[in-house]
Each structure stands twice: as C-alpha cells, then as structure tokens.
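Trainee: model the following, please.
(one chain, ligands or ions: 2)
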Amino acid sequence: MIRINALTKKYGELAALSNLELTINAGDVFGFIGPNGAGKTTTMRILATLLTPTSGRAFIDGHDVLTHGRTVRRLVGYMPDFMGVYDDLKVFEYLEFFAAAFGIEPRKRKGIVEGVLELTDLQSKKAAPVDSLSRGMQQRLGLARVLIHDPKVLILDEPASGLDPRARIEIRGLLRELKKMGKTIMISSHILSELEEISDHVGIIEHGQLVFSGTLAQLRQRAGQQSKVRVRVVQDHDKAVELLSALPQIADVHREGEIISVTFHPGQDADGIVARTLVRADIDLIALEPEQLKLDDAFLQLTRGLVH
Ligand SMILES: Nc1ncnc2c1ncn2[C@@H]1O[C@H](COP(=O)(O)OP(=O)(O)OP(=O)(O)O)[C@@H](O)[C@H]1O
Ligand SMILES: [Mg+2]
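Mentor: Numbers count the residues shown, from 1 in each chain. Ligands and ions are numbered 1, 2, ... in the order given. Below is the predicted model:
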C-alpha cells in the first residue's frame with residue numbers, strides 16, 4: 001500500500017533521507033521508529049505530498065506522490081506532529097471546516113462529523129472550543145480530522161507524544177478500531193515499546209536509512225542473537241572472568257561488583273558451558289540467569305554506532 005524507492009531528501013548539505021527503501025502492506029499497522037532527527041517526519045511529509053524529495057520515488061496504493069498528488073491526498077489521512085491552533089473554533093466547527101475543505105457536500109457533512117466524533121469518543125465535547133481540550137482529546141480530534149474523508153491510509157506522526165498513560169491507551173484502542181476497519185496505518189514514535197502492542201511490522205530508521213524492517217518477532221530474534229547471562233559467584237571473581245573470557249563462544253565478559261555479565265557471540269547461547277567451566281574450576285556458582293533483551297534494548301543495539 002505504501003512503497004518507497006531510493007528516497008533521498010537533502011536540506012542543503014544535510015541528507016535527511018538517503019536512499020530510503022520501505023514497503024508497507026495493506027491493512028498493516030507499521031511502527032516507524034527512530035531517534036530524534038532520524039527522518040521520520042521528512043518521510044511522512046513526502047508521503048503526504050507536503051514535501052518534494054530530492055530524488056527517489058514514493059507510491060501510495062500504486063499512485064506516485066509526486067505526479068498524482070490529488071489522488072494521493074484523497075487516499076491519505078496525515079496527522080502532523082504539531083497541530084495548528086484554531087482559536088475560538090468549536091470542535092464541530094473545526095471538523096466541518098475540514099469536511100468542507102475536502103469537498104464533502106454540505107448535506108453529508110453533519111453525518112460524517114457525527115460519525116468521526118463517535119469513533120473518537122468526542123461527542124460530549126462537540127460544542128467545546130478546540131483550545132479548551134486536553135492534549136489527549138486534541139490528539140483524538142486530530143485523528144477525527146484525518147478520518148473525515150475516509151482515507152485508506154493513515155500517516156500519523158507521533159500521535160502519542162506528550163500523552164499520559166491513560167490517553168495513550170485510548171489512542172491505542174482507537175488505532176485498533178481503525179485497523180479493524182481495514183485502514184493501513186503508518187505511525188511514528190521514537191519509543192519502540194510505545195508501538196509494540198499495536199504494530200504488525202516495525203521499521204527502524206536512523207540517519208535517513210532503514211536499519212531494520214520486519215515483524216517484532218524478527219526484531220527480537222535479530223537482537224536476541226546475542227544473548228546474555230548474569231553470573232554470580234561467591235569468590236574467585238577474577239578467576240571466573242578470566243576463565244569465561246577464554247571461551248570461544250563468549251564475546252564479552254565484564255564484572256560489576258558481585259555480578260559477572262557474559263555476552264555470547266551471535267547464535268551461541270550455551271548457558272551450560274558457563275556453569276560447567278566454573279564448577280570444574282571449583283568456583284561456587286550461586287546464580288546464573290539469562291538476561292531478557294527488551295525491545296528498547298533491541299532498538300539501541302540496532303542503532304548504536306551505525307557508521308554514516
Ligand atoms: N526544513 C528543514 N530545514 C533543514 N533541515 C531540516 C528541516 N527539516 C528537518 N531537517 C533536518 O532533517 C533531519 C531529519 O528531520 P526529521 O524532522 O525528518 O526527523 P524526525 O525523525 O522526525 O525527528 P523527531 O523525532 O525529532 O521528530 C534532521 O537532522 C533535521 O534537523
Ligand atoms: Mg519528527
């Protein structure tokens with residue numbers, strides 16, 4: 001549904017995107033993750049036809065964003081990272097304004113506005129001024145707004161940023177609803193765990209390049225290739241470090257007080273060999289526990305030290 005080929009965007013000397021390749025399947029919720037300045041907003045603005053790339057192409061449902069802007073804009077609902085402020089506008093006026101801007105016939109506008117208010121649970125705020133809404137409600141209103149023309153594709157730039165946990169859960173619930181309606185959703189964040197529950201696929205971008213694209217299971221597998229164990233021994237810590245460092249399966253050993261952290265080479269997670277080595281050397285082992293890699297660690301592992 002979304003396809004990006006060799007997309008490059010330069011701001012003067014700075015390449016915000018360099019030859020970015022990305023595919024998002026129809027009906028997927030795609031988590032677009034990257035640290036600040038990685039190029040998420042730049043990518044999304046190009047897809048939303050608001051920004052022209054320096055080179056490369058991008059397609060929404062087969063339509064080129066550069067040459068078929070009108071068609072693409074009808075297909076896409078884009079929610080920017082910062083919404084403009086509309087003083088004195090009431091919620092329903094705000095939505096009716098956008099319905100008019102999308103060219104929806106006057107007699108149909110009211111029904112459509114009611115529909116999106118219901119979906120985003122904002123009916124009770126219909127007559128409230130937009131600027132009186134909490135941040136969470138404003139984000140829901142932002143979603144209501146991009147749903148007005150019933151787009152197939154939603155491009156949401158950090159919709160959960162600055163929200164409290166409750167508002168985040170509400171947004172997540174709403175996104176699930178939208179997925180059920182068959183929408184393809186691209187959603188950005190700089191926090192992987194924030195999108196963990198709702199994303200079918202994730203893409204990790206850094207310095208304008210995709211460093212990973214796949215399912216969360218694939219991401220875990222990829223990051224989990226280097227598994228770690230934490231070892232605790234009674235005494236002979238230095239000897240234990242020395243013995244373990246000499247094992248070919250082990251990439252790194254370091255000691256922090258009582259705890260010895262052991263990192264295996266990718267694909268090697270032979271806990272057994274650690275225990276055996278220590279016991280054979282008569283070192284009393286008190287504990288040996290695997291360290292579960294969390295998704296955010298996976299993210300750090302994938303983005304750390306990338307040469308660019
Ligand atoms: N209009 C602009 N002029 C010059 N440089 C820009 C402009 N917009 C973005 N950049 C630069 O391009 C790079 C990518 O920016 P972009 O906003 O796409 O990143 P992002 O991933 O959305 O970051 P954030 O998490 O902070 O929102 C950054 O280095 C940014 O400083
Ligand atoms: Mg951004």
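Trainee: who in the stretch 101-250 of the chain is up against ligand 1?
Mentor: Proximity of the stretch 101-250 of the chain to ligand 1 is confined to His190 under the rule Cβ under 6 Å from any ligand atom. (Glycine included, C-beta is placed from N, CA and C.)
Trainee: would you map the strands across the stretch 101-250 of the chain?
Mentor: Using DSSP state E, counting those that start in this stretch, the strands of the stretch 101-250 of the chain run over 153-156, 184-189, 201-206, 209-215, 228-233, 250-256.
Trainee: the third one - contacts with which helices or strands?
Mentor: Packed against strand 201-206 by the contact rule (3 or more Cβ pairs under 8 Å, 6 or more residues apart in numbering; DSSP states H and E) you find strand 14-24, strand 29-33, helix 192-195, strand 209-215, helix 216-224, helix 295-303.
Trainee: and those as a markdown table, adding distance to Asp150, mean pLDDT and mean neighbour count?
Mentor: As requested, the helices and strands packed on strand 201-206 are exported to a markdown table (distance: least, Cβ to Cβ, whole Å; pLDDT from 0 to 100; neighbours: other Cβ atoms under 10 Å):
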| stretch | distance to Asp150 | mean pLDDT | mean neighbour count |
| --- | --- | --- | --- |
| strand 14-24 | 19 | 95 | 18 |
| strand 29-33 | 18 | 95 | 26 |
| helix 192-195 | 24 | 80 | 20 |
| strand 209-215 | 28 | 91 | 17 |
| helix 216-224 | 29 | 72 | 16 |
| helix 295-303 | 33 | 69 | 18 |
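Trainee: grab the nearest non-local neighbour of Leu288.
Mentor: Val231 (5.4 Å; Cβ to Cβ, 6 or more residues apart in numbering).
Trainee: what sits against the closest residue to ligand 2 within the stretch 1-150 of the chain?
Mentor: Of all residues in the stretch 1-150 of the chain, Thr41 sits closest to ligand 2, with a separation of 3.2 Å (Cβ to the ion). When contacts are counted by Cβ atoms under 8 Å, 6 or more residues apart in numbering, Thr41 touches Asp81, Asp157, Ser188.
Trainee: secondary structure class for it?
Mentor: With DSSP: H, G, I helix; E, B strand; the rest coil as the basis, Thr41 sits in helix.
Trainee: quick one, domains of the chain?
Mentor: 2-222, 228-292 (automatic domain parsing).
Trainee: let's verify Asp282: helix, strand, or coil?
Mentor: coil.
Trainee: that one - how many residues pack around it?
Mentor: Neighbour count of Asp282, defined by other Cβ atoms under 10 Å: 8.
Trainee: so Gly69 touches Leu50, yeah?
Mentor: No - with contact defined as Cβ atoms under 8 Å, Gly69 does not reach Leu50; the gap is 9.6 Å.
Trainee: please enumerate the helices of the stretch 51-200 of the chain.
Mentor: Assigned by DSSP state H, counting those that start in this stretch, the stretch 51-200 of the chain shows helices spanning 69-75, 91-101, 106-119, 135-147, 165-180, 192-195.
Trainee: take those and write them to JSON lines, including distance to Gly257.
Mentor: Formatted as JSON lines, these follow (distance: least, Cβ to Cβ, whole Å):
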{"stretch": "helix 69-75", "distance to Gly257": "57"}
{"stretch": "helix 91-101", "distance to Gly257": "57"}
{"stretch": "helix 106-119", "distance to Gly257": "54"}
{"stretch": "helix 135-147", "distance to Gly257": "42"}
{"stretch": "helix 165-180", "distance to Gly257": "34"}
{"stretch": "helix 192-195", "distance to Gly257": "28"}
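Trainee: what's the least confident stretch among those?
Mentor: Comparing mean pLDDT over the helices of the stretch 51-200 of the chain, the weakest stretch is helix 192-195, at a mean of 80.
Trainee: who does that one touch, helix- and strand-wise?
Mentor: By 3+ Cβ pairs under 8 Å, 6+ apart, helix 192-195 packs against strand 29-33, strand 201-206, helix 295-303.
Trainee: now with 7 Å, please.
Mentor: Judged by 3 or more Cβ pairs under 7 Å, 6 or more residues apart in numbering; DSSP states H and E, helix 192-195 is in contact with strand 29-33, helix 295-303.
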